[in-house]
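Novice: Next one to model:
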Amino acid sequence: MAGDGVDWESLAEATSGAVGALVSTTVLYPLDTCKTKFQAELQTQPGAHKYRNLSDVFWEAVQKRQILSLYQGLKTKNIQSFISQFVYFYGYSYFKRLYLEKSGNKSIGTKANLLVAAAAGACTVVVTQPLDTASSRMQTSAFGKSKGLRATLAEGTWLEAFDGLGISLILTCNPSIQYTVFDQLKQKLIQRQRRKNAESGSGSSQVALSAFSAFLLGAISKSVATILTYPLIRCKVMIQAADPDEDDDDESEKPGKSKSPKTMLGALHAMWIKEGIPGLFKGLHAQILKTVLSSALLLMIKEKISRFTWISLLALRRYLFVSQKRIKSA
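Specialist: Prediction:
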């Protein structure tokens, strides 16, 4: 049959995950821009912050009449998010099924799940790092001065397009933690619901998460992963941030401006020297707000459209099979 060599189950998971990422990224992008600019700022003197909180970034855009600039880099971010989630969910689903087939186990344990998620995350990072770097530079550029994808990548070498790759590879443990926590909580919730159905005599073994349950589990799992990995998350933003010297001259002279370090150790050292321990967690509340809403929304959408995606792919598979038979019989 046409398409027998295709892992249709993994493809369905990847497609639904990518669509969920596209929607959540677009809806929450202004918040993401404010969060990124807030994280990228490194004070040069005690108390000399340009942005005291997340809302300061938003009001700067309002005062400069650059509200639409909160969407600068959205196209690049959407491309990056779609490809990233597609590669991740496909890899995660494929490696998970491969592990179960090779091991003969009916379910995957926590340790194996972490390894599978990390492998999928590593593949994702290598493929999408230039897009991730470009979108971060666009978001941290001065409002109204962001360049297009091609112009942004052309500003430096291809090696610079992979700024933060090392940290991104380390941060593959973030989605590993997130999806492991999500899957474990999901399994427990479904098992609990099945027991309730059995006790009530309904006898239904088909149990699906409600939109609210998927949203709640997504929020909890992402919160855990974000808190554990946040210092590295801020390091990556600082490394990928646009050079503040590209901003307006009057802005570049403000005390909150400082050239971004370009190595993990450099970023950690700068935060430690200039901001102390609190600097390691500056913007944590903003990161949790954005990533929790984004991941919870992504997983909620993915859970809700996964069945439709699977049915659509089965229809496509049947169409390819029928088309192949017609060609052979012609």
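
Novice: Can you tell me the closest non-neighbouring residue to residue 123?
Specialist: Once flanking residues are discounted, residue 123 sits nearest to residue 91: 5.0 Å by Cβ to Cβ, 6 or more residues apart in numbering. Any C-beta I mention is one placed from the backbone N, CA and C, and that applies to glycine too.

Novice: Please list all residues in contact with that neighbour.
Specialist: Neighbouring residues of residue 91 by Cβ atoms under 8 Å, 6 or more residues apart in numbering: 119, 120, 123, 124.

Novice: how deep is the last one tucked in, by neighbour count?
Specialist: This means residue 124. 24 (other Cβ atoms under 10 Å).

Novice: tell me what the helix or strand hosting residue 316 is packed against?
Specialist: For residue 316, the element it lies in under DSSP states H and E is helix 284-329. Secondary-structure packing of helix 284-329 (3 or more Cβ pairs under 8 Å, 6 or more residues apart in numbering; DSSP states H and E): helix 8-27, helix 29-40, helix 54-63, helix 211-240.

Novice: and the angle from the host helix or strand of residue 139 to helix 29-40?
Specialist: Counting by DSSP H and E, the element that carries residue 139 is helix 110-140. Per axes from the mean of the first three to the mean of the last three Cα atoms, to 10 degrees, the angle that helix 110-140 makes with helix 29-40 is 90 degrees.

Novice: mind listing what's buried in the helix or strand where residue 276 lies?
Specialist: Taking DSSP H and E as the criterion, residue 276 maps to helix 264-280. By neighbour count on 16 or more other Cβ atoms under 10 Å, the buried set for helix 264-280 is 264, 267, 268, 270, 271, 275, 279, 280.

Novice: Toward the C-terminus from the helix holding residue 139, list the very next helix or strand.
Specialist: Downstream of helix 110-140, the first helix or strand assigned by DSSP H and E is helix 149-154.

Novice: Go through that following helix and flag the buried ones.
Specialist: Within helix 149-154, the residues that count as buried by 16+ other Cβ under 10 Å are 149, 152, 153.

Novice: Would you quantify the distance from the first one to residue 194?
Specialist: The gap separating residue 149 from residue 194 is 47 Å, by Cβ to Cβ, to the nearest Å.

Novice: Can you tell me how far the residue nearest the centre of the chain is from residue 38?
Specialist: Nearest to the mean C-alpha position of the chain, by Cα atoms, centre = their mean, lies residue 81 at 6.6 Å. In this view, residue 81 and residue 38 are 20 Å apart by Cβ to Cβ.

Novice: ok, now residue 235?
Specialist: Remark: distance between residue 235 and residue 38 (Cβ to Cβ) = 15 Å.

Novice: which regions of the stretch 151-300 of the chain sit below the pLDDT cut-off?
Specialist: Low-confidence segments of the stretch 151-300 of the chain (pLDDT under 70): 202-206, 244-261.

Novice: now do 50
Specialist: 249-257 (pLDDT under 50).

Novice: again, but for the stretch 1-150 of the chain
Specialist: For the stretch 1-150 of the chain, applying pLDDT under 50 flags the ranges 1-3.

Novice: make it 80
Specialist: Applying pLDDT under 80 to the stretch 1-150 of the chain flags residues 1-15, 17-18, 21, 42-50, 85, 89, 106-107, 109-111, 113-114.

Novice: buried set for stretch 110-129?
Specialist: Applying 16+ other Cβ under 10 Å to stretch 110-129 flags 112-114, 116-125, 127-129 as buried.

Novice: wait, which of these is closest to residue 145?
Specialist: residue 129 (23.5 Å; Cβ to Cβ).

Novice: my guess is the closest one contacts residue 167, does it?
Specialist: No - counting by Cβ atoms under 8 Å, residue 129 sits too far from residue 167 to count as a contact (10.3 Å).

Novice: what's the angle between the helix holding residue 276 and helix 211-240?
Specialist: Using the same axes, to 10 degrees: helix 264-280 against helix 211-240 is 130 degrees.

Novice: Put the alpha carbons of helix 264-280 into PDB.
Specialist: What follows is helix 264-280, C-alpha atoms only, in PDB (Å, rounded to 0.1, in the frame of the first residue of the first chain):
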ATOM      1  CA  MET A 264      27.200  30.800  28.500                       C
ATOM      2  CA  LEU A 265      29.900  31.400  31.000                       C
ATOM      3  CA  GLY A 266      30.100  35.100  30.000                       C
ATOM      4  CA  ALA A 267      26.400  35.500  30.500                       C
ATOM      5  CA  LEU A 268      26.400  33.800  33.800                       C
ATOM      6  CA  HIS A 269      29.400  35.800  35.000                       C
ATOM      7  CA  ALA A 270      27.700  39.100  33.900                       C
ATOM      8  CA  MET A 271      24.500  38.300  35.700                       C
ATOM      9  CA  TRP A 272      26.400  37.300  38.800                       C
ATOM     10  CA  ILE A 273      28.600  40.400  38.900                       C
ATOM     11  CA  LYS A 274      26.000  43.000  37.900                       C
ATOM     12  CA  GLU A 275      22.800  41.600  39.400                       C
ATOM     13  CA  GLY A 276      23.700  38.900  41.900                       C
ATOM     14  CA  ILE A 277      21.700  35.800  42.600                       C
ATOM     15  CA  PRO A 278      18.400  37.600  41.800                       C
ATOM     16  CA  GLY A 279      19.800  38.200  38.200                       C
ATOM     17  CA  LEU A 280      19.800  34.400  37.600                       C
END
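
Novice: That'll do, ta.
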